[in-house]
Every structure is written in C-alpha cells, then in structure tokens.
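# sequence plus the predicted model coming up.
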Amino acid sequence: MEADIGKLGKILESDGKKMLFYHTDTDGICSASILLKFYPEFETYPLEGPILSNRLLSHLKEAKPEVIVAVDLPLDQEAEKLERLLRDMPDMRIAVIDHHIAEKDMNSDRVVHINPRLDSEAYIPASVIVYKLMKQLKHDADQYLWLAAIGVIGDHAFEDCSDILREAEKRYPDAGTGEDSKLGLLSKQIMATVICHGTKGAEKSIGHLRSTESWEEALSNRYLGSCHKKIESEIREKVSAFAKKAREFQNLDMYIYRIDSSLSITSSVSTILADLHPESVIFVVKKSKQMMKVSGRCQKGDINLNDALKRAVRGIGSGGGHVKAAGAVVPVKDWPEFERRLIRIVEESRSSS
C-alpha cells in the first residue's frame, strides 16, 4: 500500500493536462470534491458508469492528458480499452480509486489501482478511500470529514464505516449522521441534482462543494435544496404505488416494479423500497429512450446482485455494482430475454441457499 501511495502522489503532483472522472452519485461527487480540495487543477468529467465509449476514447486521444484519475468507477471492467489507450499514449498515467467488486488488478508501472476489494470484502465508499488517501499524502483532509461522511450515508455503508460516522458525530454534533440527519439531507440533496439534471447537475454539485468549507454552508445552497424539493413528491408517489403496481414473485420473494417518470429516480426508489422490504429482492425499472434502466436492491445480501445482473446482461447490455445494490442497462428489444434470465438466476440462487 505504501508503494501505491507513493505512485499516487507522483501522479497527482504531475505537470500537464489532468482529467478527473467521477461517478454521478453522492459518493462519486463527494470523492471528487475531496480530491479537488487539494488538486484543483483537474478538469472534471462526470460518468454515469464505467463504460468507456468510442466517443470518449476519441476525445481522450485528442485531448492528450498526461494524467487520468477515476474515482468511484470500476474501470477495471474496461481494462482492455485502457491498455490500448496506454499503448497509444505512452506518456499518460492513470489512477483508479474505487470500491466496486474488482474484476482485475490493473496495477502496473503506469497505472495505480487502489481498491479495498482487491484484498478484502470490506464495503468502503470511494469518498472514504479518497479522504484517507489525502491524509496519507500529508494533506489537511480532517477538515473535510463531513464530505466523507456524506459519501458513506449516500452509499449506505453504515456498518463498515462506523468509525467515520462516529468521528463525524463527535466533530459535528449538530449535523448527525443518520438517514434523517442534516448530513443525510445533504446526501439526498446532492443526489437530487443528478436526478433532476443528470451530468450537468453533478457538475453543479461539484462546483459548489469544491468551494465550500463547511457542511452548514453546503446545506444553505439554494440549488441543492430546490432539486431535492422537486424530486421528493415524485419519489413518494412511486413508493406509495409499489404495493399495487409491482409484479410480485412470491416463491422468490422478489418484485419487479416498472415506473414511468421524466426523472432518473430508479436508484432512489429502489433504495427506499429495500429499506421497507429488507427481506426481498427488488428491481425498479424505467424506460429511457431505447433503453431499460434497472436498479436492484437486496438488503438481506443472500443474493449477489453484482453477479446476478452481470450474468443477466451478458451479450445484451451492461450491468454490475455491489452485492446488495447493483444496476443494469438493457436495450428495450432485449428486455424479455433479460427478464427471463434474471428470474432464472434468482430462482437458482434461492434454491441453492
């Protein structure tokens, strides 16, 4: 790990053009914000997932960055594309700071890959990893503990990051660290900007948080507050309609719930429903243009949703995430096949458990 820290420090301190890619959720936004506190020269690029499209790869080759850093993005899933990019750009170096289930250790002379999942099963959000890395690089990161705590709340990592939350409770006694606390509200507000305005909302959140020095100042931001207010009523409506509209598979203790909304609320709705039905497997689905977006939750953890969704999308889409929370994107035309696969995979998991 010490060698990784040294390599990371050299990459971050490099001269030249530097790009920071981050996942468009609360944890990704908080991770990027912490890093930008100490390395503000990075250009930021929000990504909805780890897919490196041909368009993005062409942009990178044209931009010719000396450094690429990715936070909260499992770019090891795109290792072959990154290897080709490194061959085409011999002066470029890459740092990936992540916490998703790792498919490949990408560490090499020009790549530093930091992910607790390479060595353990601990569920440590990227915001906490970045926070601790900054401290190990001798930066005064303690003052941004509130950002790491917000990332923990956003990713529901209460068990494995109890140390971070306990410290935040001591340092910010007026804020709290529960779902309904002030830091919990900030976590929801940050995610609301993405739900309302996609990657543009994520960039506005980054712009605010990177220049904000306290959780109180962050909580007073009108944009964050207005986005949260806008989505709350729609999320409540979808959660209330779940009992009537969701397809229930009683023998599997599973639900597939298709919603219609102009907002990207599948993740938020599935998270709330999972809290209300902790023993069940829940998939919330929404059509977006020609794609079906799926957000899966299994609080019980007896079904590995990362593996289940990766198997279900094989050859027809993309998917993955964590054991208890994962997502997928599938073309509308392939939805019937995806659904058949998903039901079969859950059946197999239930019968073997």
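Good, I have the coordinates. The shown structure was predicted, so the numbers you read here are calculated from the model rather than taken from an experiment.
# now Thr199: how far from His113?
24 Å (Cβ to Cβ, to the nearest Å). Backbone N, C-alpha and C define where each C-beta goes, glycine included.
# equivalent analysis for Glu66, please.
Per Cβ to Cβ, Glu66 is found 18 Å from His113.
# confidence score at Ser262?
pLDDT recorded at Ser262 is 89.
# what about it, distance to Gly319?
Ser262 is 23 Å from Gly319, by Cβ to Cβ.
# between the two, who's got more neighbours?
Gly319 (24 against 9; other Cβ atoms under 10 Å).
# now the more buried one: closest residue in space that isn't a chain neighbour?
Ala328 (3.1 Å; Cβ to Cβ, 6 or more residues apart in numbering).
# strands of this protein, residue ranges please.
18-23, 43-47, 67-71, 93-97, 111-114, 247-249, 254-259, 281-288, 291-297, 318-321, 325-331 (DSSP state E).
# between Thr199 and His113, which one's more packed in?
Applying other Cβ under 10 Å to Thr199 and His113 shows that His113 carries more neighbours, namely 22 against 13.
# what about the more buried one, distance to Leu8?
10 Å.
# now for these two: what residues contact both?
Shared contacts of His113 and Leu8, defined by Cβ atoms under 8 Å, 6 or more residues apart in numbering, comprise Ala95.
# what count of nearby residues applies to the nearest residue in space to His139 that is not next to it in sequence?
Nearest residue to His139 in three dimensions, chain neighbours excluded: Phe38, at 4.7 Å (Cβ to Cβ, 6+ apart). Applying other Cβ under 10 Å, we find 14 residues neighbouring Phe38.
# quick check: Phe38 touching Met134?
Yes. Proximity of Phe38 to Met134 meets the contact threshold set by Cβ atoms under 8 Å, at 5.9 Å.
# shared neighbours, those two?
Shared contacts of Phe38 and Met134, counting by Cβ under 8 Å, 6+ apart, come down to Ala141.
# pLDDT wise, what is the spatially closest residue to Ser280 that is not a sequence neighbour at?
Excluding its sequence neighbours, the residue lying closest to Ser280 (Cβ to Cβ, 6+ apart) is Asp253, at 5.0 Å. Note on Asp253: pLDDT of 95.
# got it, and Glu159?
91.
# same deal with Asp4?
On the pLDDT scale, Asp4 gets 87.
# so what's it up against?
With contacts defined as Cβ under 8 Å, 6+ apart, Asp4 is in contact with 107, 112, 114.
# so the chain: which segments form each domain?
Per automatic domain parsing, the structural domains of the chain span 2-224, 246-352.
# can I get the ones you listed in CSV with distance to Ser233?
Formatted as CSV, the domains of the chain follow (distance: least, Cβ to Cβ, whole Å):
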stretch, distance to Ser233
domain 2-224, 12
domain 246-352, 11
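# now the residue nearest to Gly319: how far from Phe338?
From Ala328 over to Phe338 the distance is 7 Å, taken as Cβ to Cβ.
# which of the two has more neighbours?
Ala328 (27 against 22).
# help me confirm that the more buried one comes into contact with Ile316.
No. Using Cβ under 8 Å, Ala328 makes no contact with Ile316, being 9.7 Å away.
# for these two, list the residues in contact with both.
Joint contacts of Ala328 and Ile316 (Cβ under 8 Å, 6+ apart) are Phe338.
# sorry, back to before: any chance of the contacts of Asp4 in TSV with pLDDT, distance to Val269 and neighbour count as columns?
What follows is the contacts of Asp4, written out as TSV (pLDDT from 0 to 100; distance: Cβ to Cβ, whole Å; neighbours: other Cβ atoms under 10 Å):
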residue	pLDDT	distance to Val269	neighbour count
Asn107	95	37	16
Val112	97	36	24
Ile114	96	32	21
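# got those residues as CSV, with distance to Gln299 columns?
Output for those, formatted as CSV (distance: Cβ to Cβ, whole Å):
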residue, distance to Gln299
Asn107, 33
Val112, 33
Ile114, 28
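# how about Cys298: what's its closest non-neighbour residue?
Cys298's closest residue in space is Val281 (Cβ to Cβ, 6+ apart), at 4.7 Å.
# cool, Asn221 as well?
His208 (5.4 Å).
# also Arg171?
Leu145 (6.1 Å).
# likewise Leu224?
That would be Gln189: by Cβ to Cβ, 6+ apart, it lies 4.0 Å from Leu224.
# test my guess that that neighbour contacts Cys227.
Yes. Shown here, Gln189 and Cys227 form a contact pair, counting by Cβ under 8 Å, at 6.7 Å.
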